[in-house]
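Student: Everything below, folded, please.
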Amino acid sequence: NSRGTASLLKDSIPITGFSASGPFECHDLLRRGFTSVKNELLPSHPLELSEKNFQLNQDKTNFDTLRNIQGLHASLKLQMEFRAVKQVQRLPFLHSSNIALDTLRGNDECIGFEDILNDPSQSEVMGEPHMMMEYKLGLL
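Tutor: Model (predicted):
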């Protein structure tokens, strides 16, 4: 997984569909970013996996606590609300703020790193809007 532009194009058209095939195929820097052999050979830092799954682990802990305090119905109701809120998205080429999800988690009044310095994974990625929408709908 390169950390170039490929990580920013997670909701857009897959890169493998546009790659040339054959004996003269070259690495496309604009779509895939720079290659790094070091990232493929060395294991990542032990805390990297924990940081990636922090919000998921936090949600599981909150659901377990809620289930123990108020019963099974409260946890199930909150999980259904989370799923309904996660399904609401903007078009694939526009960034979705997920304000309803932040409100359910209680993060709507917290100021974090992403609010001030912006999260690089949420940077604006503008592509061909019609192609991205056709890919999301399965027409392409």
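Student: can you pull the buried residues of whichever helix or strand Q58 is part of?
Tutor: For Q58, the host element (DSSP states H and E) is helix 54-70. Buried positions in helix 54-70, judged by neighbour count with 16 or more other Cβ atoms under 10 Å: 63, 66-67. Where C-beta positions appear, they are placed from N, C-alpha and C, glycine not excepted.
Student: got TSV for those residues, with distance to G127 and pLDDT too?
Tutor: TSV is the format used below for the buried residues of helix 54-70 (distance: Cβ to Cβ, whole Å; pLDDT from 0 to 100):
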residue	distance to G127	pLDDT
F63	36	93
L66	40	94
R67	42	95
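Student: Of the residues you listed, which is the nearest to N53?
Tutor: Each of the buried residues of helix 54-70 was scored against N53 by Cβ to Cβ, and F63 proved nearest at 14.7 Å.
Student: was I right about the closest one contacting K77?
Tutor: No - judged on Cβ atoms under 8 Å, F63 makes no contact with K77 at a distance of 10.7 Å.
Student: can you list contacts of the helix holding Q58?
Tutor: 50, 74-75, 78-79, 82, 105 (Cβ atoms under 8 Å, 6 or more residues apart in numbering).
Student: quick check: mean pLDDT across the helix or strand following it?
Tutor: The C-terminal neighbour of helix 54-70 among helices and strands, as given by DSSP H and E, is helix 72-87. Across helix 72-87, the average pLDDT comes to 92.
Student: residues in contact with helix 72-87?
Tutor: Here helix 72-87 has contacts from 59, 63-64, 66-67, 98, 100-101, 104, using Cβ under 8 Å, 6+ apart.
Student: Just want the angle from that helix to helix 54-70.
Tutor: Taking axes from the mean of the first three to the mean of the last three Cα atoms, to 10 degrees, one finds helix 72-87 and helix 54-70 inclined to each other by 150 degrees.
Student: Show me where the chain dips below the pLDDT cut-off.
Tutor: Low-confidence segments of the chain (pLDDT under 70): 1-25, 27-28, 30-32, 37-43, 118-126.
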